[in-house]
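*Asks:* Okay, here's the prediction I keep looking at, along with the sequence it came from:
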2 protein chains.
Amino acid sequence: MSDIEIAQQANMKPIIGLVKEQYGIDAEHLDPYGHYKAKMSLEYVNSLSDKEDGKLILVTAISPTPAGEGKTTTTVGLGDAMNRIGKLTMMCLREPSLGPCFGVKGGAAGGGYSQVVPMEDINLHFTGDFHAIGVAHNLLSALIDNHINHGNALDIDPRRIQWKRVVDMNDRALRNIVVGMGGPANGYLREDGYDIVVASEVMAILCLATSRADLKERLGRIVIGYKSDRVTPVYARDLNAQGSMAALLKDAIKPNLVQTLENNIAIIHGGPFANIAHGCNTVSATKTALKLADYVVTEAGFGADLGAEKFIDIKCRMAGLKPSAVVLVATVRALKFHGGVVKEELNQENLAALEQGFENLERHLHNITHHYGLPCVVCINHFTFDTDAEIALLKQKCEALGAQCVVSTHWANGGAGAEELAHAVSDIVDNREPEFNYVYDENLSLWEKIEAIATKLYGAGSVTANAKVKAQLAAWNADYGKFPICMAKTQMSFTTDPNAKGAPSGHVVEISDVRLANGAGFIVAIAGDMMTMPGLPKVPAAERIDIDDNGKITGLF
Amino acid sequence: MSDIEIAQQANMKPIIGLVKEQYGIDAEHLDPYGHYKAKMSLEYVNSLSDKEDGKLILVTAISPTPAGEGKTTTTVGLGDAMNRIGKLTMMCLREPSLGPCFGVKGGAAGGGYSQVVPMEDINLHFTGDFHAIGVAHNLLSALIDNHINHGNALDIDPRRIQWKRVVDMNDRALRNIVVGMGGPANGYLREDGYDIVVASEVMAILCLATSRADLKERLGRIVIGYKSDRVTPVYARDLNAQGSMAALLKDAIKPNLVQTLENNIAIIHGGPFANIAHGCNTVSATKTALKLADYVVTEAGFGADLGAEKFIDIKCRMAGLKPSAVVLVATVRALKFHGGVVKEELNQENLAALEQGFENLERHLHNITHHYGLPCVVCINHFTFDTDAEIALLKQKCEALGAQCVVSTHWANGGAGAEELAHAVSDIVDNREPEFNYVYDENLSLWEKIEAIATKLYGAGSVTANAKVKAQLAAWNADYGKFPICMAKTQMSFTTDPNAKGAPSGHVVEISDVRLANGAGFIVAIAGDMMTMPGLPKVPAAERIDIDDNGKITGLF
């Protein structure tokens, strides 16, 4: 059965009753969105502040491959398994974007028997958060061009506007556009472009904001561009945009509650890109879950070099979160891909390739334990084609490194398939005092922070950049020197070359551009071409998605 | 107090319980969106098909002026008043667009003590319908450019694509754009543009669709442009887009229920532009309300020459609806404006100007009773500055025409202020057999239909068009000859000149362009410049809208 077929057979319970049953929360604190989704009021979220926090467990992965690893699926499977073994556990996930749904990737609500439901709703609009983010972003865009049209009192340099427009769709034709055509009634001609909504700084801001006041303050300090002197920033607050933008986000700021196939509560809230943004669900979701549950399982985008690093250096640092353990997800197929096997041959046993590809896992494991200072359990997300010999080799190699390696079958068996993983993880978090390190000290210069990430985690020999980039970073040190770095690098490799599999060392990381995300509060360092607006494939998923006369959806994977 | 302050003091009842109390509908048939908004399941809507219909009452107005008339306010006031006098009445309204909220016009949920609530929610995102419509539209846009990018097997002429993109924002810079810049990875360069979401044909389609199957069929037959032979249409179904688009509209198709300040149920569903589209709420909302209530009060956009005409010739004709009476809303101020008074002097008594401006009302009244064949009550929406002499003159002039004229104070007094109007209206609909006429027969040629509208309703002497427009209409007669006409003309005047107030006669209506809205099922005839993407004013409302730390919104009018 496909994911959507499994999801449609789910025995969902009305969410309001389920939240009451499991967490004792009264209906008045929840806004229902249909019978199976709800938002939690911020007043209730704030009322939890004196409660003790549960333990935070991060699910991350090896460097992603086309073979798929299953971070979300493992997060759900582990959460269900924790609840099965009597540990009250809530999951925190990212909201899916519509773009990939209609493109190649499909939905993003877990897979097999480890899913969050209602799957169609979560993938299509959900509670409207992304639409609110998109329109808040585009309101600021409209205000910028409107300001210039009406006389440009702020002296904005139309050539130096860095605030683009966004749409939640994969639409390559919008990457680079010209706006304002057709004469004086339509404003001033200038170059512009669209990003996908998940790449919006408003998304990153919403995910890092800790209150309505913090949200509005962050929105107001967004740098939309520069004045004609080329250096004086123009802020969103100069356009009086932050009040309206925050009003548009009035509900988007509230965490969303849904359930897994096994009727455990998951919060799905926020979904920033993991390249030019930090790739984690909202701080408010994670903090709320920690107040409510004894254990919280969450995920971060891409591999442990990008998602986990940003989770730790950006999200945990800003929000004062302390993770207790990490689960590093890998598949036999993906490791063989890192060992040089082509996609078509991944279902054949290949111990040599597996051994070679293991280098990738080893590097991530080392980063997690050594540089983040966190205990790590390796989870092999089991596929039908994995052979006993491959599993044995993998376990042996992990054990040689002193790491626990658990084979988990939650995709096929739900929480029951991840009980061993749940025991392994809870043994750690119940018995070890949490202790972890950031990868770099906030007092380093911006350049030194980039070097720390690249040399420590990526195994790079050096970091380079042209004079302009270096000068820009040096100039930002004065005002934004305490900001963390958000590395925008291919997720497919430790290098900047997506084809360099395994665990290369000594390579050069070239920073081609840097961007100030002043509202989010980080500096984006771009290494290589970053795609902030995906395109659709020749035959997009949109062509097969359908809905019948009774409202049943098919073709959504 | 401002509208939002009045709305925030409303004594709202939880919508699920209220719908149960007033209409006996069980919670299982409703999807709550928070505690005060709900969508009704289509299964429940369909289950009502054998019930007898209530009576349908249309609220329309004189030609709009900057002075404001108050159609929505009167619709709500009349509905509340009908319920007060013991007539079970439901209201059907259009959903507001975000663009005007942040521009000049402000919100659109009634005013004073005749409002629907929760006002902030209704104006900001509501249940997400417009976002779903926008993204369904933009998915088709992305699929078009993607198809061309991947080889253009359908031979779409990139210069003849008529399917633009949409955003729910007033953003003049997007009216005319160039997409596909930046080299081969970004597709093919071409001219494009953005409309506001309410101008999308998807909006018109959703509002006219009678079932999920009908919705999908209409989406599939959208003409997105033409092949390189310049004449062969390319349909959305050629791109296999209709299934995904309909899936994105899975919830948008369900009617939304809210309440008035006096706790009566209103359905707010759909909101197509009243110029290039037909300007009425969804057919499904109106039909559902007619099954549930004994009386349904609804509104149509702009004045009775545009909104009411399209309500009758497009919506009622397609859906088989039969209105029983019309309320024609006017204000003393607006009539004085039509009589030549400038906006700043409208609060001063001016009987001569009132008498002169009355011509506008008289023409609309004549059209309603003579051409639509419907009984009509004139409602004077009372303002503080109206003098007794002005009211007396107005009543006398209406009576001279054999028309009832009721002064109504629902803005200040809620339903209690519209009881006389409610009695007048219910006397008519309870005692007269409904009987009405379309303005033109569906078997007339497209050109004859345009002539019928312009000469009968606008008082035009003739209709002209260049040879290209005439040839296009003649060509469409073969395949689309039965389609009704959707006139896109300024709402400010019976002529095509927005400054020609009152009731001019013998003027020429020039049709500058015609468009095929094949999914909606009408031909748009454009007379004059039509704005399908508004701009923001120098100081937009967005600058004053704010939200405080507790989530309370201010500045939204």
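*Replies:* Nice, thanks for sending it over.

*Asks:* Got phi/psi on A:Gly519?
*Replies:* phi -70, psi -50 (degrees, to the nearest 10).

*Asks:* correction: A:Pro484
*Replies:* Torsion angles, degrees, to the nearest 10, at A:Pro484: phi -70, psi 170.

*Asks:* Hmm, it is touching A:Phe522, no?
*Replies:* Yes - the pair A:Pro484 / A:Phe522 is scored as a contact, 5.0 Å apart, by CB atoms under 8 Å. Backbone N, C-alpha and C define where each C-beta goes, glycine included.

*Asks:* Count the neighbours of whichever residue of the stretch 301-450 of chain A sits closest to chain B for me.
*Replies:* Nearest residue of the stretch 301-450 of chain A to chain B, counting by CB to the nearest CB: A:Ala319, 18.8 Å away. For A:Ala319, the count of nearby residues is 16 (other CB atoms under 10 Å in any protein chain shown).

*Asks:* residues contacting it?
*Replies:* A:Leu208, A:Thr210, A:Val283, A:Thr286, A:Lys287 (CB atoms under 8 Å, 6 or more residues apart in numbering or on different chains).

*Asks:* Weed out the non-buried ones from these.
*Replies:* A:Leu208, A:Val283, A:Thr286, A:Lys287 (16 or more other CB atoms under 10 Å in any protein chain shown).

*Asks:* Compile these into a markdown table and extend it with columns for distance to B:Thr72, secondary structure and pLDDT.
*Replies:* Putting these into a markdown table (distance: CB to CB, whole Å; DSSP: H, G, I helix; E, B strand; the rest coil; pLDDT from 0 to 100) gives the following:
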| residue | distance to B:Thr72 | secondary structure | pLDDT |
| --- | --- | --- | --- |
| A:Leu208 | 39 | helix | 98 |
| A:Val283 | 40 | helix | 98 |
| A:Thr286 | 43 | helix | 98 |
| A:Lys287 | 42 | helix | 98 |
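
*Asks:* Go back to these and keep what's next to chain B.
*Replies:* Applying CB under 8 Å from any CB of the partner chain to those, one finds that nothing falls near chain B.

*Asks:* Doesn't A:Ala185 lie inside a helix?
*Replies:* Yes - under DSSP: H, G, I helix; E, B strand; the rest coil, A:Ala185 sits within a helix.

*Asks:* Cross-check the contact I'm expecting between it and B:Ala173.
*Replies:* No - if you go by CB under 8 Å, A:Ala185 and B:Ala173 don't touch, sitting 10.9 Å apart.

*Asks:* how about the residue nearest the centre of chain A, what does it touch?
*Replies:* For chain A, A:Gly279 is the residue whose C-alpha lies nearest the centre (CA atoms, centre = their mean; 2.5 Å). Counting by CB under 8 Å, 6+ apart, A:Gly279 touches A:Arg94, A:Pro272, A:Phe273, A:Ala300, A:Gly301, A:Phe302, A:Leu306, A:Gly307, A:Lys310, A:Phe311.

*Asks:* just curious, which of those residues is nearest to A:Ala422?
*Replies:* A:Ala300 (19.6 Å; CB to CB).

*Asks:* So what's the predicted local confidence for the closest one?
*Replies:* pLDDT, A:Ala300: 95.

*Asks:* From what I see, it and A:Ala277 are in contact.
*Replies:* No - counting by CB under 8 Å, A:Ala277 is not a contact partner of A:Ala300; they are 11.5 Å apart.

*Asks:* Can you tell me how far A:Pro540 is from chain B?
*Replies:* 7 Å (CB to the nearest CB, to the nearest Å).

*Asks:* Count the neighbours of that residue for me.
*Replies:* So A:Pro540, with other CB under 10 Å, has 25 neighbours.

*Asks:* Then A:Glu28?
*Replies:* So A:Glu28, with other CB under 10 Å, has 11 neighbours.

*Asks:* Can you give me the separation between it and chain B?
*Replies:* Counting by CB to the nearest CB, the gap from A:Glu28 to chain B is 8 Å.

*Asks:* how would you label that residue: helix, strand or coil?
*Replies:* Going by three-state DSSP: A:Glu28 is helix.

*Asks:* What backbone torsions are found at A:Pro32?
*Replies:* phi -70, psi 150.
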